[in-house]
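Colleague: Build the 3D model from these lines:
(one chain, ligands or ions: 1)
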Amino acid sequence: MIKLPAMDFPVEKMINTARAAKEAAYAPYSGLRVGAALLTSQGRLYKGCNIENVSYGLTVCAERVAFYKAFSEGERQFAAMAVISDLDGFCSPCGACRQVLSEFGADLKIYICSKNGEFIVKTLTELLPEPFIFRPSS
Ligand code: THU
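Modeller: Modelled structure (predicted):
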């Protein structure tokens, strides 16, 4: 069994949580359900699903839902995220999610999964080598 540094967390559990999160997806427009599970450095897991809107641009991806849930509960350090969808192919996070996640962890490991749980692992830096960065002067 593959384990993650965050408290020896099993990868399978994170992927199964992402798969379960997908069940709550609201995707009447695209028909594509996506689930994400975000593992904190303390070994806590937060899940998210995509939530679409009739005003299409207001749709929020599963990854950001998981991240915002964790962040709003006070989490600031993250170890890994699993992303899964109903597609046979690997479900890789969109550019907007990469930028949002990059604010809190270049080393975050992303488990990009196929629907049956095969995965590719990439760090966030590999997925988004040059995020937008702006440091306002005080
Ligand atoms: N989607 C995600 O949830 N995560 C991604 O990284 C890419 C796309 C969702 C948004 C939309 O509800 C559906 O997939 C089709 O784009």
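Colleague: residue contacts, L87?
Modeller: L87 makes contact with L32, S114, K115, according to CB atoms under 8 Å, 6 or more residues apart in numbering. Backbone N, C-alpha and C define where each C-beta goes, glycine included.
Colleague: oh sorry, the question was meant for R44
Modeller: Contacts of R44 (CB under 8 Å, 6+ apart): A70, E75.
Colleague: re the thing from before, which ones among the contacts of L87 also lie next to the ligand?
Modeller: Among these, the ones lying near the ligand by CB under 6 Å from any ligand atom are L32.
Colleague: Now the residue nearest the centre of the chain. Nearest residue, chain neighbours left out?
Modeller: The centroid of the chain falls nearest to E63 when counting by CA atoms, centre = their mean (3.5 Å). With CB to CB, 6 or more residues apart in numbering as the criterion, E63 has its nearest non-adjacent residue at 4.0 Å, and that residue is C97.
Colleague: Cool, thanks, talk later.
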